[in-house]
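Engineer: let me see the structure of the following:
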Amino acid sequence: MKKSISLTETLVSSSSVFKGALLDVYCDTVTLPNGRQATREFIKHPGAVAVVPFTENGDVLMVRQFRYPTGCELLEIPAGKLDPGEQPEDCAKRELAEETGFRPGRLCRLASIHTTPGFSDEVIHLYRAENLIACDAVPDEDEFLQVESYSPTELKQMITAGEITDAKTITALMLAI
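Structural biologist: Model (predicted):
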């Protein structure tokens, strides 16, 4: 077995490139394990949650919405970013209610994932929701979506066929169904 070496990169300097409502962009200089320096451009993100909500008959509620960066509509599980100081479980309950009009009777943590660690520190906390309780849906004022229901079998087929391409959705569905 080879001797383990440190792979850690050490911060030399950090520069804020952009501060936005959703994320911040930085350009850092780091020292590499071999002593050389390199530049790292990355996005700081507050984190998010995503929920796989199961209906009483075993179907999964999904949301269809236009995603501007992709230029098309995507079919996804309900999801949203953490507010400052908000716990992931509370965010999951809030986002599920806002987007689908249901609160979870039972909420189970599935996993936490790094979405794109090559250029972002975003972590999404994944949950499974059951025993749904109807409530008022109140999407954000700039959020337009359509709630749809699919069986787990249909969702697996849609993933295989390339009809569902969102990574958080695929990961969470594979863990939950």
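Engineer: what's the helix or strand that contains Ile43 packed up against?
Structural biologist: Using DSSP states H and E, Ile43 maps to strand 37-44. Here strand 37-44 touches strand 24-31, going by 3 or more C-beta pairs under 8 Å, 6 or more residues apart in numbering; DSSP states H and E. Placement of C-beta: from N, CA and C, glycine included.
Engineer: can you get me a residue count around Ala92?
Structural biologist: Counted with other C-beta atoms under 10 Å, the neighbours of Ala92 add up to 28.
Engineer: adjust the sequence numbering to begin at 57 for everything that follows.
Structural biologist: Got it, first residue is 57 now, which makes that one Ala148.
Engineer: in which helix or strand does it reside?
Structural biologist: Per DSSP H and E: Ala148 is located in helix 144-156.
Engineer: could you look up the next helix or strand downstream of that helix?
Structural biologist: strand 158-159.
Engineer: can you list the buried residues in stretch 173-184?
Structural biologist: Within stretch 173-184, the residues scored as buried using 16 or more other C-beta atoms under 10 Å are Asp177, Glu178, Val179, Ile180, His181, Leu182, Tyr183, Arg184.
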